[in-house]
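Chemist: Below are the sequence and a predicted model for it; my questions follow.
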Amino acid sequence: DWRTGNVIEEQVARIREQVGDSKVICGLSGGVDSAVAAALVHRAVGDQLTCIFVDHGLLRQDEREQVEQDYVASTGVRLVTVDAREQFLTALAGVTDPETKRKIIGREFIRAFEAAERDLAAEAAAEGEPIRWLVQGTLYPDVVESGGGAGTANIKSHHNVGGLPDDLQFELIEPLRALFKDEVRAIGRELGLPEVIVGRQPFPGPGLGIRIIGEVTEDRLDTLRRADAIARAELTAAGLDGEIWQCPVVLLADVRSVGVQGDGRTYGHPIVLRPVSSEDAMTADWTRLPYDVLARISNRITNEVEEVNRVVLDVTSKPPGTIEWE
Ligand code: XMP
């Protein structure tokens, strides 16, 4: 496409001129925006850019590998992964209140990011070229929203993984500031990024941490991760990815119900499917998924995920329900 080609050329030239010989860092979340922003900057300044990916343990199945392997293979980006899984689990132990969870996850994210950033800064200083720039995948709608919109941000404390503390001493590079999501996806494809990343549906910064209703533990994360992977695989196989905005899969970890499997009684947890259709996530309707797809998801989850003996469907629009349960 000539337009995406032009945007790429223009941005690459501009970033090169801005940055000169200094170093650049970028937080990757696994999402589309930071992935495309970083790929553009990498095309402009190569290994002057280092990306930081914080694995907070609240990711979905295979997400870390998609960044570490597929993304790195397709871009050649220099990547530092911070394994912060223990740190987050410890900080979240005993916490059940949704806003408290969000605040803790945001705080620990900044802590983990800053530790990695300090190491890189020391290394860069030793090489005589300090880190001066920080890449952010801010899009046009983000610019508009933070310019005073009354968004969902007022209802829940939103946090963008890959988004950052205000007091870091960097200048910002925001190559996607004038663009909408579909344009960003087009640029990502043009840059050769993997479809698993470019085609990704929205996923909240606090990740699976706000999709476990109750305390977040390693076992519960594992249960939810397996159920979520099944739901996503079946939705994709049914060709429904383009029709739904996203489909949160939620574990009601403090609820149990009686079931029967084989000749035994079970006492397991429910999984909630929350498929929604939306234009901008400000309002949404529940998606009328085909019954046979729902049946396949339900059968597979209850058969393959031992801890789960019931699958329920959320049929609430937004408002009054939000998309995420916390
Ligand atoms: P709600 O639950 O408020 O979600 O209806 C609206 C959209 O925002 C996503 N979401 C988040 N995204 N950080 C994010 O980057 C967050 O903390 C966060 N919380 C919710 C949600 O998945 C939906 O697309």
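Modeler: On my side now, so go ahead. These numbers were taken from a predicted model, which means no experiment stands behind them. Residues are numbered from 1 along each chain as shown.
Chemist: what about residue 207, neighbour count?
Modeler: Close neighbours of residue 207, defined as other Cβ atoms under 10 Å, add up to 22. For every residue, glycine as well, the C-beta is placed using N, CA and C.
Chemist: I figured it was touching residue 56, is that so?
Modeler: Yes: contact status for residue 207 versus residue 56: in contact at 6.6 Å, counting by Cβ atoms under 8 Å.
Chemist: ok, the closest residue to residue 26 other than its chain neighbours to the ligand distance?
Modeler: Take residue 26 and drop its neighbours on the chain: the residue closest to it by Cβ to Cβ, 6 or more residues apart in numbering is residue 135, 3.7 Å away. In this view, residue 135 and the ligand are 17 Å apart by Cβ to the nearest ligand atom, to the nearest Å.
Chemist: Domain map for this structure?
Modeler: Following automatic domain parsing, the chain resolves into domains at 2-198, 211-313.
Chemist: wait, which of the ones you listed is closest to residue 324?
Modeler: Ranking the domains of the chain by proximity to residue 324 (Cβ to Cβ) places domain 211-313 first, at 5.8 Å.
Chemist: OK, contacts around residue 61?
Modeler: 225-226, 228-229 (Cβ atoms under 8 Å, 6 or more residues apart in numbering).
Chemist: no no, residue 115
Modeler: Listed by Cβ under 8 Å, 6+ apart, the contact partners of residue 115 are residue 82.
Chemist: Next secondary structure after the one helix or strand it maps to?
Modeler: Element membership for residue 115 (DSSP states H and E) is helix 98-126. Reading on from helix 98-126 to the C-terminus, the next helix or strand found by DSSP H and E is strand 131-135.
Chemist: That following strand packs against which elements?
Modeler: helix 2-19, strand 23-28, helix 32-45, helix 98-126, strand 171-173 (3 or more Cβ pairs under 8 Å, 6 or more residues apart in numbering; DSSP states H and E).
Chemist: Quick check: mean pLDDT of it?
Modeler: When pLDDT is averaged over strand 131-135, the result is 97.
Chemist: Sheet partners, orientation included, of it?
Modeler: On the basis of DSSP bridges, the sheet neighbours of strand 131-135 come out as strand 23-28 (parallel), strand 171-173 (parallel).
Chemist: Give me the distance between it and the centre of its chain.
Modeler: Remark: strand 131-135 is offset 22 Å from the chain centroid, using Cα atoms, centre = their mean, to the nearest Å.
Chemist: Equivalent analysis for stretch 280-296, please.
Modeler: Between the centre of stretch 280-296 and the centre of its chain there are 20 Å (Cα atoms, centre = their mean).
Chemist: Report whether that stretch contacts the ligand.
Modeler: Yes: against the ligand, stretch 280-296 shows contacts by Cβ under 6 Å from any ligand atom at residue 281.
Chemist: If you count neighbours, what's buried in that stretch?
Modeler: The neighbour-count check on stretch 280-296 (16 or more other Cβ atoms under 10 Å) flags 281, 284, 286-287, 289, 293-294, 296 as buried.
Chemist: Are the helix or strand of the chain with the lowest mean pLDDT and the ligand in contact anywhere?
Modeler: Ranking every helix and strand in the chain by mean pLDDT, DSSP states H and E puts helix 140-146 at the bottom, with a mean of 82. No: Helix 140-146 is not in contact with the ligand by Cβ under 6 Å from any ligand atom; minimum separation 9.8 Å.
Chemist: Please spell out which residues along that helix are buried.
Modeler: Across helix 140-146, burial judged by 16+ other Cβ under 10 Å covers 142, 145.
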